[in-house]
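Trainee: Generate a structure from the sequence data that follows.
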Amino acid sequence: MKSLTLLITLLCFLTFSVFAHPPEGVWKKKLVWKEDWVQIWKTVKKEAWETKWKKVQVPVWKEIQIPVWKEEKVPDWKIVKKPLIEEREVPAWKEDKVQVWKKITKPVWKLIDVPVWKEIQVPVWKDIQVPVWKEIQVPIWKEIQVPYWKEIQVPYWKEIKVPVWKEIQVPIWKDIQVPVWKEVEVPDWKKIWVPEWVKMGIPGEKYLGKDHEGWEYTSHDLWRKKLIWKPVWKKIWRKEKKQEWKTEKKQEWVTKKVEEWKTEKKQEWRTEKKQEWRTEKKQEWITKKVQEWKTEKKQEWKTEKKQEWKQEKKLEWKDEWIQVWKPIKKQIWIKEKREKWVEEKQQIWRIEKKKVWATDKKLIWKDEWKSYQAPIWKEVKVPAWKKVWKPIWEKVWVPNSHGWD
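Mentor: Purely as a prediction, here's the structure:
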């Protein structure tokens, strides 16, 4: 359109210049806009797939330590009573004979009866304790049998422990290094778009009107503000997983010598429970033999002196000193055995509960990162052609205008 206008203007100028007198005017420069095509880069959105991470909960088994009670034997001391035979000396009277001089009168020899003491054995009764079986009535229950226990002392052979050394495996905790993933922040650059006002020209002509000669006036230098988005790189911090090592405890087994006890037999007295029966609804009685002790008399023999008479010859009417044996009682000490009970400390083993830690498994939820593909819109640059108007200066003839034209 502009080229056609320019061509018509030139033809008119040539026509007037041939057939008319030369017009009066001046050459001036005129700013015109010329159409042109330039290559630009256009931003379009393209669908792409991005790998993203999300946190999920997965069940895992975790070993935990729980307290349990373990029974173990510990040594202790128990006071028991044992019979002890003790010998002691007690006083007793012993008959002995000593020589003494006796004055006698010797008459004629005459048979006379003289008393003498003779040791004889006479029976005596001694009280002793003998076991007897006694029938007693004990209750039993006819319909419902409910046992109850009676404590009695009975001898038994007790197994005692003798210490021996034995190698056993004991658990210990050892520090080990295990890998863990830790989230750390690392610097990164992110492209962001910030708004900015720029000044740009409006292409094309704008009609302003005509003058008295018929010339059209147009404007080509209009400007306006345009909001554009300017790319800026911003420093951000993103999270990454970094492998680190942490110290954990691992259970291992080591060989350790422990003192154990082997079994030996030793006679002791223990309390046992004797079962008797009672009824709840109907009571009956049965006969049962129990051992008791009763006093009985036992015949023994002891030495006593008995007076007898024997004939002797007696000399009358004659004094004479003779040596005779005189029985006297002499105190002596004899040994006597006596049984008594003494208290003695004896080592026993009692069961105590000890608190130990046992390993148990507990189901917990662990955070893990799982990757997935998510669609995103990505801005890419594609080439395009844009129509622009370029200002150029052209040389045009402007005639002089008089007031009467």
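Trainee: residue contacts, the nearest residue to His220 once chain neighbours are set aside?
Mentor: In this structure, His220 finds its nearest non-sequential neighbour in Trp33, 5.0 Å apart by C-beta to C-beta, 6 or more residues apart in numbering. From N, CA and C alone the C-beta is placed, and that goes for glycine too. Residues in contact with Trp33 (C-beta atoms under 8 Å, 6 or more residues apart in numbering) are Pro203, Gly204, Glu205, His220, Trp389, Lys390, Pro391, Ile392.
Trainee: Likewise for Lys241?
Mentor: Lys241 sits next to Trp181, Lys182, Glu183, Val184, Trp369 when contact means C-beta under 8 Å, 6+ apart.
Trainee: now do 6 Å
Mentor: Contact partners of Lys241, counting by C-beta atoms under 6 Å, 6 or more residues apart in numbering, are Trp181.
Trainee: How about Lys55?
Mentor: Lys55 sits next to Asp367 when contact means C-beta under 6 Å, 6+ apart.
Trainee: Repeat that for Pro75.
Mentor: Gln347.
Trainee: So for it, what pLDDT did the model give?
Mentor: Looking at Pro75, its pLDDT reads 87.
Trainee: Please give the element, helix or strand, for it.
Mentor: In this structure, Pro75 sits in strand 25-105 according to DSSP states H and E.
Trainee: ok, back up a step: drop anything exposed from the contacts of Trp33.
Mentor: Glu205, Trp389 (16 or more other C-beta atoms under 10 Å).
Trainee: Looking at the contacts of Trp33, which is nearest Pro155?
Mentor: Nearest to Pro155 among these: Pro203, at 127.8 Å, using C-beta to C-beta.
Trainee: hang on, isn't Glu205 packed against Ser219?
Mentor: No: counting by C-beta atoms under 6 Å, Glu205 sits too far from Ser219 to count as a contact (7.1 Å).
Trainee: okay, and the common contacts of these two?
Mentor: In contact with both Glu205 and Ser219: no residue, using C-beta under 6 Å, 6+ apart.
Trainee: Count residues in the vicinity of the residue nearest to Leu111 when sequence neighbours are not counted, would you?
Mentor: Closest residue in space to Leu111, ignoring its immediate chain neighbours: Gln311 at 4.8 Å, by C-beta to C-beta, 6+ apart. Here the count is done by other C-beta atoms under 10 Å, and Gln311 has 10 residues near it.
Trainee: Next: Thr263.
Mentor: Applying other C-beta under 10 Å, I find that Thr263 has 9 neighbouring residues.
Trainee: Tell me how far it lies from Val80.
Mentor: Distance, Thr263 to Val80, by C-beta to C-beta, to the nearest Å: 19 Å.
Trainee: show me the contacts for Val100.
Mentor: Applying C-beta under 6 Å, 6+ apart, we find Val100 in contact with Lys326.
Trainee: One more: Lys249?
Mentor: Contacts of Lys249 (C-beta under 6 Å, 6+ apart): Trp173.
Trainee: State the pLDDT value of it.
Mentor: The predicted local confidence for Lys249 is 88.
Trainee: Report the distance from the helix or strand containing it to the chain centre.
Mentor: Here Lys249, judged by DSSP H and E, is contained in strand 223-278. How far strand 223-278 lies from its chain's middle: 8 Å, per C-alpha atoms, centre = their mean, to the nearest Å.
Trainee: That strand - which strands sit beside it in the sheet, and in what orientation?
Mentor: Using DSSP bridges, strand 223-278 pairs in its sheet with strand 146-201 (antiparallel).
Trainee: Give me the distance from the partner strand to the chain's centre.
Mentor: 8 Å.
Trainee: Tell me the helix or strand right after that strand.
Mentor: Next element after strand 146-201 (DSSP H and E): strand 206-210.
Trainee: quick one on the thing from earlier: pairing partners for the strand holding Pro75, with directions?
Mentor: Here, using DSSP bridges, strand 25-105 pairs with strand 319-399 (antiparallel).
Trainee: Looking at the strand it pairs with now, give me its mean pLDDT.
Mentor: 85.
Trainee: does Thr9 sit in a helix or strand, and which one?
Mentor: helix 2-19.
Trainee: count of residues packed around the nearest residue to Trp269 once chain neighbours are set aside?
Mentor: Distances taken as C-beta to C-beta, 6+ apart put Gln153 closest to Trp269, at 5.2 Å, once the chain neighbours are dropped. By other C-beta under 10 Å, the residues close to Gln153 number 8.
Trainee: Isn't Gln153 up against Glu268?
Mentor: No: taking contacts as C-beta under 6 Å, Gln153 lies outside contact range of Glu268: 10.2 Å.
Trainee: Kindly state the beta-bridge partners for the spatially most central residue of the chain.
Mentor: Taking C-alpha atoms, centre = their mean, the centroid of the chain lies closest to Gln65, which sits 2.3 Å from it. Per DSSP bridges, the residues bridged to Gln65 are Thr359.
Trainee: And for Lys118?
Mentor: Lys306.
Trainee: What's the separation between it and Lys102?
Mentor: Counting by C-beta to C-beta - Lys118 and Lys102 are separated by 20 Å.
Trainee: Over to Val398?
Mentor: 208 Å.
Trainee: And Lys395, by the same measure?
Mentor: 204 Å.
Trainee: Over to Asp211?
Mentor: With C-beta to C-beta as the criterion, Asp211 and Lys102 are 206 Å apart.
Trainee: Repeat that for Lys206.
Mentor: For Lys206, the distance to Lys102 - C-beta to C-beta - is 191 Å.
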